[in-house]
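# predicted coordinates and the sequence they were generated for:
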Amino acid sequence: MSTHTDPRYAGALRLDGKRALITGATKGIGADIARAFAGAGAGLVLSGRDTGELSAAREALREEFGVEVHTAAVDLATPDGPSELARQGAAAFGGLDILVNNAGVSHPQPAVDTDPVLFDATIAVNLRAPALLASAVGAAMVAAGTGGSIITVASAAALAPLPDHYAYCASKAGLVMATKVLARELGPHGIRANSVCPTVVLTEMGQRVWGEEAKAAPMIARIPLGRFAVPHEVSDTVVWLASDAASMINGVDIPIDGGYTMG
Ligand code: NAP
């Protein structure tokens, strides 16, 4: 039996030498993406709000994978947070090759009973922050002239309406479209911009919103694979989008939902 390996596939999903900024990297999906990127050889800037959690995540990844890891504690709900994070992210390595816009919040409430403060809070973190961060990081990538990959963790809620997720669905749908505008504008500079749209993942957020059996069961019944996703199923797609194996993928929104949104 031949043991020949096609060189195209030998390192297809490696991210050695790439410098990635990951938001919401302290918990849930973002923490798993950070671990996957470190395992693939990327240098990292981890972002969140809790400095203790950031330091712990940095030390764990350095210890396990031996990659260079920096942290940036920034509140992305503030208008200046995204530009400040772009500045800190670029300063850590002298530039960035990959941005993973993952941080997000969910404040479920019925559309007919919308609290304007929670509505604004959702839009600020889920739409304004990732859009402004991608704008600032994208501008630096254009100036550097070395290309890049911007990956947005949107949601299946961007593609199919969910009751009690008025602001959340609107924020994620807006983010998918904003990412496509980036794909058009930045594509000529060799910078790709794509979204992933997971169904429920039982992270801290997923557990809070979907943890009750009575709420979960009807949602699971609408997913042909008959279960929620697990974090590594999101991370694997994000690593692929960041890698050279996805070098012609630009402007797409990929459902990671077991067939939930296929129609
Ligand atoms: P999570 O467990 O609640 O973690 C959220 C992360 O975002 C944390 O690291 C948190 O850091 C950070 N974050 C929240 N608000 C922030 C702020 N104002 N400034 C800076 N960082 C902030 O959430 P998750 O379930 O992993 O979700 C990650 C992403 O996937 C979100 O965009 C979410 O909408 C999306 N998503 C989730 C699901 C799901 O079912 N879980 C499904 C589809 C899409 P701090 O704690 O330090 O603030």
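Arrived safely.
# show me the shaky parts of this structure.
Applying pLDDT under 70 to the chain picks out residues 1-3.
# residues of the stretch 1-150 of the chain that sit close to the ligand?
24, 26-30, 48-50, 53, 75-77, 102-105, 125 (CB under 6 Å from any ligand atom). Backbone N, C-alpha and C define where each C-beta goes, glycine included.
# now, which of these lie within strands?
G48 (DSSP state E).
# can you give me the strands in the stretch 1-150 of the chain?
Here the stretch 1-150 of the chain has its strands, by DSSP state E, counting those that start in this stretch, at 19-22, 43-48, 69-73, 98-101, 148-153.
# would you mind listing the buried residues in the fourth one?
When you say that, I think you mean strand 98-101. By neighbour count on 16 or more other CB atoms under 10 Å, the buried set for strand 98-101 is 98-101.
# likewise the third one?
Counting neighbours by 16+ other CB under 10 Å, one finds that the buried residues in strand 69-73 are 69-73.
# so what secondary structure elements neighbour that strand?
If contacts are counted by 3 or more CB pairs under 8 Å, 6 or more residues apart in numbering; DSSP states H and E, strand 69-73 sits against strand 43-48, helix 51-65, helix 81-93.
# list the contacts of the longest one.
By CB atoms under 8 Å, 6 or more residues apart in numbering, the list of residues contacting helix 51-65 from outside reads 25-27, 31, 34-35, 38-39, 41, 44, 46-48, 67-73.
# pretty sure L202 is touching V209, no?
No: contact criterion CB atoms under 8 Å: L202 and V209 do not qualify, at 9.8 Å.
# comparing these two, which residue is more hemmed in?
V209 (21 against 18; other CB atoms under 10 Å).
# my guess is that one contacts H107, does it?
No: judged on CB under 8 Å, V209 makes no contact with H107 at a distance of 9.5 Å.
# excluding chain neighbours, what is closest to D115?
Q109 (6.2 Å; CB to CB, 6 or more residues apart in numbering).
# oh, I was asking about L21
In space, L21 is closest to G89, 4.0 Å off (CB to CB, 6+ apart).
# give the contact list for the one you found.
Per CB under 8 Å, 6+ apart, neighbours of G89: 21, 45, 47, 72, 96, 99, 137.
# before we move on, what about G41?
With the criterion set at CB under 8 Å, 6+ apart, G41 makes contact with 14-18, 65, 67.
# and the residue lying closest to H107 once chain neighbours are set aside, how many neighbours?
In space, H107 comes closest to L118 once its chain neighbours are excluded; the distance is 4.3 Å by CB to CB, 6+ apart. By other CB under 10 Å, the residues close to L118 number 15.
# quick check: L118 touching A167?
Yes: L118 lies in contact with A167 (CB under 8 Å); the separation is 6.9 Å.
# overlap in contacts, these two.
107, 109.
# returning to what we had before: got a ChimeraX select line for the buried ones in the residues of the stretch 1-150 of the chain next to the ligand?
Selection of the buried residues among these in ChimeraX, burial being defined by 16+ other CB under 10 Å:
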select :24,26,27,28,29,30,48,53,76,77,102,103,104,105,125
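# sort out for me which of the residues of the stretch 1-150 of the chain next to the ligand are in helices.
Under the assignment DSSP state H, these contribute 28-30, 53 to helices.
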